[in-house]
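Participant: Dropping the sequence and predicted coords here.
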Amino acid sequence: MNWLNNLSVRNKLLMVLFVVLVGYIAIGSVYSVVLQSEQKTHAELELLADLNFRALQVSERFQAARRAEADFFSTGASAHNERHAEVMAQLLASLNQLEAQADGSAGDAHAPDPAQGDDKPSGEAFAGAGEIIDHIRNLALRYQEAYDAALQTQIALGLDENSGLQGAFRRAVHEAEKGIADLRRADLAASMLTLRRHEKDFLLRGRDDNLTRFAEAQKQFDRLLSTGKISSAARNTIAKNMAEYYESFGKYVEATKSKFEQLESLEQIANQIDPEVESFGQQLTAAHDVIETRFFESQQLTALAMVSAIMISGVLIVTLLMLITGSFTRSLYRIQNTIAAVASGDFGARSKLTAKDEVGELARAFDGMLDE
């Protein structure tokens, strides 16, 4: 280790200090990486928690919209329609927020800013989440369009028994019933009751066999109306009212069938939304697992790096200290042996140290003193 002997004590101590500083910087760098990794993981897990919360909001608000939908089409109350519009607006707002968050987190993976110590989520675990959310939102918009179409049909049918097509055929049949009551024809009254019963059966059940029975009862009524002793004016008035009744009821039937088709389409779209929301929840769970796995692996690597940095720094420091200490002790031993030899009468003894440090200079000065 001639190079070590050529260094002064000050430089040797500075070397030890340098090695200590390098080890400290290495350990600090590893700790900084660990800290940044933890911050990024916490940010990603916080984002996941927020996404999970908003996904739950979407699911709850969609279920609330379905309840308002069912209440409206069963009662026709405008309050349920208003509630449906309010909930759907909230649902779409939640989906837009979800999409913005998912797209933002995915975008962070493509443009990190290490110069600013970027600790935002990497977005790797969120790849594809934006597409799922966008698909859910498109389904929600289709659901809203289908609901609006069914709503307009329901308004045309009538929100109660006195409005829309239902109100029209009820007014027409009531006028016809008044005319029949004035005639005091039991057969016509009974035939009218049969018509009304099949009408009400259709209103309750919406089945085609109810319409078949209504058509048969209509033929029977028209046949009875055309026979018997009835004045032409009364027959014409009743026939006119019945024609209006048949026409408005027929329009009501067609609109009802259209509404059933629209509600079926509405149900099909709604049944697609729940699985998509569930799929998104599964992706969030998978993202959580990916983040935890990545963080665990990162912790293992950083722990290994930190232990390695500590061990390497320790070995270097101990080795350097041993070399320096050995250099000192060897020189001091030679000076000590020289002094002992001179003390015993050997005046030709010399240390002959060549080290250029302070101990070497001391040995050479002692040898020079002996030479004199």
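Facilitator: Right, received. Where do you want to start? Numbering: from 1, shown residues only.
Participant: residue contacts, residue 277?
Facilitator: 55, 58, 59, 62, 136 (CB atoms under 8 Å, 6 or more residues apart in numbering). For every residue, glycine as well, the C-beta is placed using N, CA and C.
Participant: pLDDT on the helix or strand hosting it, on average?
Facilitator: Secondary structure assigned from DSSP states H and E places residue 277 in helix 232-343. Summarised as a single mean, pLDDT over helix 232-343 is 84.
Participant: before we move on, back to that, of the contacts of residue 277 - the most surrounded one?
Facilitator: residue 58 (27 neighbours; other CB atoms under 10 Å).
Participant: Can you read off the pLDDT for that residue?
Facilitator: 88.
Participant: what's the closest non-adjacent residue to residue 281?
Facilitator: In this structure, residue 281 finds its nearest non-sequential neighbour in residue 55, 5.7 Å apart by CB to CB, 6 or more residues apart in numbering.
Participant: List the residues that contact the one you found.
Facilitator: By CB under 8 Å, 6+ apart, the residues touching residue 55 are 98, 277, 280, 281, 284.
Participant: among these, which two are most distant?
Facilitator: Pairwise distances across those peak at 11.6 Å for 98 and 281 (criterion: CB to CB).
Participant: These two: which has the busier surroundings?
Facilitator: Each of residue 98 and residue 281 has its neighbours counted (other CB under 10 Å); residue 98 has more, 25 against 16.
Participant: so where does that one fall, helix or strand?
Facilitator: helix 78-108.
Participant: so that helix versus helix 232-343, what angle?
Facilitator: Computed by axes from the mean of the first three to the mean of the last three CA atoms, to 10 degrees, the angle separating helix 78-108 from helix 232-343 equals 30 degrees.
Participant: tell me which residues of helix 78-108 are tucked away?
Facilitator: Using 16 or more other CB atoms under 10 Å as the test for burial, helix 78-108 gives 80-81, 83-85, 87-88, 90-92, 94-95, 97-99, 101-103, 105-106, 108.
Participant: and residue 274, how many neighbours?
Facilitator: Around residue 274 there are 15 residues (other CB under 10 Å).
Participant: shouldn't it be in contact with residue 66?
Facilitator: No: using CB atoms under 8 Å, residue 274 is not in contact with residue 66; the gap is 9.6 Å.
Participant: Now do the closest residue in space to residue 238 that isn't next to it in sequence: how many residues are near it, please.
Facilitator: Nearest residue to residue 238, sequence neighbours excluded (CB to CB, 6+ apart): residue 179, at 4.4 Å. By the criterion of other CB under 10 Å, residue 179 has 18 neighbours.
Participant: start the count at 651, not 1, going forward
Facilitator: Got it, first residue is 651 now, which makes that one residue 829.
Participant: how much space between residue 1002 and residue 981?
Facilitator: 11 Å (CB to CB, to the nearest Å).
Participant: where do the contact lists of the two overlap?
Facilitator: residue 1013.
Participant: Check which helix or strand residue 696 maps to.
Facilitator: If you go by DSSP H and E, residue 696 is part of helix 659-725.
Participant: what separates that helix from the chain centre, distance-wise?
Facilitator: 15 Å (CA atoms, centre = their mean, to the nearest Å).
Participant: and the angle from it to helix 728-758?
Facilitator: Using the same axes, to 10 degrees: helix 659-725 against helix 728-758 is 160 degrees.
Participant: Distance of residue 999 relative to residue 992?
Facilitator: 6 Å.
Participant: what residues are shared contacts of those two?
Facilitator: residue 1020.
Participant: Enumerate every residue touching the nearest residue to residue 787 once chain neighbours are set aside.
Facilitator: Nearest non-adjacent residue to residue 787, counting by CB to CB, 6+ apart: residue 745, 4.3 Å away. By CB under 8 Å, 6+ apart, the contact set of residue 745 is 708, 783, 786, 787, 790.
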